[in-house]
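**Student:** Predicted model and sequence follow; I will ask about them next.
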Amino acid sequence: MRPAVLVMGNGELKEVQTVVSRRLIEEGYTVAWVDAPTSWCDIADAFADTAIQPSQAIVVYVDPTSATASCSVSPDEVALRIGAAANELSQARLVVVTGLSEEPDVVVEAMSESGVRIIDPSDLLGGVDERMDCLWWDDCIPDGKGFGYVIVRDVDGLTLAGQQRVARMIVASVQ
């Protein structure tokens, strides 16, 4: 069976695999996961190596701390290669996740300029142990003001609240 969504991720996205998968399934999508290489320069080859051809979307995340390792070409060239390889794999929409860490990613910037759909949940994630205002789906901690808050990131990474926020943004971009 051909899945609706292929997620190719590593780093923090790989850590939220269960929550992202559940949200996609709740919305009626089938999903397949493939570990992403550690560098954007290897993503095009990873697309060529997979037999999974999604019908709706290809969601990709590469941890920016190693995102340009092994790259011998410009970020613009990498972005073009990724776009071409995604089109060869499937006519599904290419969606790139960024903003899970505070590291800038020049390849994502190049993909954004070339028209690739970018998901950046950083405004919803805040810093480590930062109190974030509740959204309608959050299980809030009372704050005495009647609004409540959530902690979306702690020293170990994204909390369940943070994972839900990332998952919801991915689902919204797939729809």
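**Tutor:** It's in.

**Student:** which ones are touching the nearest residue to residue 21 once chain neighbours are set aside?
**Tutor:** Of all residues not flanking residue 21 in the chain, residue 31 sits nearest, at 5.3 Å (Cβ to Cβ, 6 or more residues apart in numbering). Glycine gets a C-beta too; all of them are placed from N, C-alpha and C. Applying Cβ atoms under 8 Å, 6 or more residues apart in numbering to residue 31 gives the contacts 3-7, 20-21, 24-25.

**Student:** Please pick the buried ones from these.
**Tutor:** Applying 16 or more other Cβ atoms under 10 Å to the contacts of residue 31, the neighbour count classes 3-7, 20-21, 24 as buried.

**Student:** any chance of those residues in CSV, plus secondary structure?
**Tutor:** Formatted as CSV, the buried ones among the contacts of residue 31 follow (DSSP: H, G, I helix; E, B strand; the rest coil):
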residue, secondary structure
3, coil
4, coil
5, strand
6, strand
7, strand
20, helix
21, helix
24, helix
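
**Student:** show me where the protein has helices.
**Tutor:** Using DSSP state H, the helices found in the chain span residues 11-15, 17-26, 43-49, 75-89, 106-113, 122-125, 160-174.

**Student:** Which of the ones you listed sits closest to residue 67?
**Tutor:** Closest to residue 67 of these is helix 106-113 (Cβ to Cβ; 5.9 Å).

**Student:** Mind listing residues that contact the closest one?
**Tutor:** 40, 62, 64, 67-68, 71, 74-76, 78-79, 82-83, 96, 98, 118.

**Student:** what's the closest of these to residue 131?
**Tutor:** Nearest to residue 131 among those is residue 98, at 23.6 Å by Cβ to Cβ.

**Student:** what's the distance between the residue lying farthest from the centre of the chain and residue 173?
**Tutor:** In the chain, the residue that sits farthest from the middle, by Cα atoms, centre = their mean, is residue 144; the gap is 34.1 Å. Distance check for residue 144 against residue 173: by Cβ to Cβ, to the nearest Å, it reads 36 Å.
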